[in-house]
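Novice: Structure for the following, please:
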Amino acid sequence: MKRVIIGLSGGVDSSVAAYLLQQKGYEVIALFMKNWHDTSVTISDECPWIEDSNDALLVAKKLNIPFNTIDLSTEYKARIVDYMFAEYQAGRTPNPDILCNREIKFDIFLKHALALGADFVATGHYCRKASEIIDGKEIYKLLAGKDQNKDQSYFLCQLNQEQLSKALFPIGELTKPEVRKIAKELDLITAEKKDSQGLCFIGKVKLPDFLQQQLDPKKGQVLLVEDSKLEPVPPFNYTNCTNEELASLSKKIDFSKIETKNIGEHNGAHYYTIGQRKGIGIGGFKQALFVVGTDTIKNIVYLAEGENSNALNRPALFIKNEDIHWIRADKKLSIDGTLQIKARIRYRQALEDACLYQKEEGLYVVFKNLQKGITPGQFCAWYSTDELLGSGVID
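Specialist: Numbers count the residues shown, from 1 in each chain. Model prediction:
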C-alpha cells in the first residue's frame, strides 16, 4: 500500500482530498503545517491557525486517519516573510503564495514527508498531473484544474520535475461545488467553511499593517502621470518582433523623466503596488486612479487616471535568465528561439495570447493585447493549452 502524507489545512479542499485518497486505497497520514503564529497582525481577534488546526484534527478523526502537526514557522519567516519585506522595500511586489508552494509545501514539507516514508505528498489544489514517456524518460505535466473558476495551477508554476513526481492533486478533476457536496455528504466540519483569504498561512491580515512591522511609514509625494505626456504604444506584431522592438515594448517607463502633477501625499511608496486601485485615498477625478509606478528611493508614488491609461497598460515584459523556470525542461528555448503560448501575469486572469522570445540577456514575453498592471516581482506563467510549461519573475 502506497503511503501519502497530505497537508491538511483545515479547509474543505484538503479535507475532501484526504477522503478521495482513502477511497483509492492509499495509506493516508495528515500533517498540519503551523507556519505562522504571530497574532499581532491579524484582523480583529481571529487566530486562523488555531481554528484551522482544530478543524483539520476533527476532519482527521472523522476520516479515521493519523494526524500530526509540524511547526515550520522558522523556515517560513526566513524564506517567505523576510523575502516579502525585502521585495516591498525594493519597490517590487512579491507573490508569497507561489513562494510558499515552492519553498515550504513542496520543499521542506515534502522532504519531511519522504523522511516519514511517504511515497507521495498531496494537497487540495485545483490542478491536475499527467505524465508521458518522452525519449525513454517519464516526463511529468502540470495541468489546469477542471474547474476553470478555481484553477490553481498558477500557484504551482515554480515546481520542478522531482517535486511533481511526488505530488498528488486529488480534487483536480472536480469543481468546487462538487467538493463541497462530498464534504456535506460526509458531514465534515469544513463543508461550509469559507475559503481562506489573505496571505498564505498568515490568514486575514491588513498588508500595510503587516509591512509596517519592519517598513516604517514615511510621507512622500503622489504624482499624477497624464496620458498626453506619454508616447503611445506603436503598432507591433507580437509573433514577429525585432530585437529593437523587444527592448522598446518591454521597457519600463521612467516616470522621473516625464512632466507630472503633484496631487497629494502618501505614507510610504513601499506600501503600494502597480495596478492598485483601492486605498489610494485621493478623489476629485472623473475616472478611478491607478498606481502605475513607485520609486522607493525617492519615496514617490505615480498615479494615472482611468483603466485605459498608456501608463498602466503595456505590451510586453522581461524576465532575467536566472529567474526563468521551466517545469518542462525539454521545452526550454535556445537562444533566439520563440514559442507561441498562452500566458497570465496574475492568478485568475484569463489566459492571453503571447509569444516567448529567448535572447542572450533573458526572456521576453510579448502579448497580443496590452496587459494591465504588469508588476515587477510578480510571476508570469505560460501554458500550452491546459499545460503549464514554465514561469518567471517579472523584472
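Novice: Of all the residues in the helix ranked longest in the chain, which ones are buried?
Specialist: Counting by DSSP state H, the longest helix found in the chain is helix 48-63. By 16 or more other C-beta atoms under 10 Å, the buried positions in helix 48-63 come out as 48-49, 52-53, 55-60, 62-63. All C-beta atoms are positioned from the backbone trio N, CA, C, and that covers glycine.
Novice: Over to stretch 120-140?
Specialist: Result for stretch 120-140 [16+ other C-beta under 10 Å]: buried residues 120-129, 139-140.
Novice: now stretch 62-72
Specialist: 62-63, 65, 67, 70, 72.
Novice: Can I get the residues you listed in JSON lines including distance to residue 298?
Specialist: Output for those, formatted as JSON lines (distance: C-beta to C-beta, whole Å):
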{"residue": "62", "distance to residue 298": "56"}
{"residue": "63", "distance to residue 298": "56"}
{"residue": "65", "distance to residue 298": "55"}
{"residue": "67", "distance to residue 298": "52"}
{"residue": "70", "distance to residue 298": "44"}
{"residue": "72", "distance to residue 298": "38"}
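Novice: ok, now how distant is residue 153 from residue 317?
Specialist: As judged by C-beta to C-beta, to the nearest Å, residue 153 and residue 317 stand 20 Å apart.
Novice: thinking again about what came up before, which of the buried residues of stretch 62-72 sits closest to residue 166?
Specialist: Nearest to residue 166, judged by C-beta to C-beta, of these is residue 70 at 16.7 Å.
Novice: now, the most widely separated pair of the buried residues of stretch 120-140?
Specialist: Across the buried residues of stretch 120-140 (C-beta to C-beta), the longest gap, 24.8 Å, separates 124 and 139.
Novice: what's the closest residue to residue 310 other than its chain neighbours sitting at in phi/psi?
Specialist: Nearest non-adjacent residue to residue 310, counting by C-beta to C-beta, 6 or more residues apart in numbering: residue 230, 4.7 Å away. Reported as degrees, to the nearest 10, the phi and psi values for residue 230 are phi -110, psi 150.
Novice: And the pLDDT for residue 230?
Specialist: On pLDDT, residue 230 comes in at 94.
Novice: those helices in the stretch 1-150 of the chain, which residues are they?
Specialist: 12-23, 48-63, 73-76, 82-89, 96-100, 109-115 (DSSP state H, counting those that start in this stretch).
Novice: out of the ones you listed, which comes closest to residue 179?
Specialist: helix 12-23 (4.8 Å).
Novice: Could you quantify the relative orientation of that closest one and helix 48-63 as an angle?
Specialist: 30 degrees (axes from the mean of the first three to the mean of the last three C-alpha atoms, to 10 degrees).
Novice: and helix 12-23, how far from the chain's centre?
Specialist: Its chain's average C-alpha position is 24 Å from that of helix 12-23, according to C-alpha atoms, centre = their mean, to the nearest Å.
Novice: And the contacts of that helix?
Specialist: 4, 6-8, 28, 30, 56, 59-60, 63, 65, 122-126, 168-171, 174, 179-180, 182-183, 186, 188, 190-193 (C-beta atoms under 8 Å, 6 or more residues apart in numbering).
Novice: hang on, the earlier thing: tell me the contacts of the residue nearest to residue 310?
Specialist: 253, 258, 310-311.
Novice: quick one: it from residue 258, how far?
Specialist: Going from residue 230 to residue 258 by C-beta to C-beta gives 7 Å.
Novice: List the buried residues for the longest strand along the chain?
Specialist: When the chain is parsed with DSSP state E, its longest strand is strand 362-372. For strand 362-372, burial by neighbour count (16+ other C-beta under 10 Å) applies to 362-367, 371-372.
Novice: quick one: pLDDT of residue 201?
Specialist: 48.
Novice: rewinding a little: ok, which pair from the contacts of residue 230 is furthest apart?
Specialist: Farthest-apart pair in these is 258 and 310; separation 11.0 Å (C-beta to C-beta).
Novice: and stretch 119-134, average pLDDT?
Specialist: On average, stretch 119-134 scores 98.
Novice: Who are the contact partners of the nearest residue in space to residue 261 that is not next to it in sequence?
Specialist: The spatial neighbour of residue 261 that comes closest, neighbours along the chain excluded (C-beta to C-beta, 6+ apart), is residue 224 at 4.5 Å. By C-beta under 8 Å, 6+ apart, the contact list for residue 224 reads 260-263, 289, 302-305.
Novice: Kind regards, and thank you for your time.
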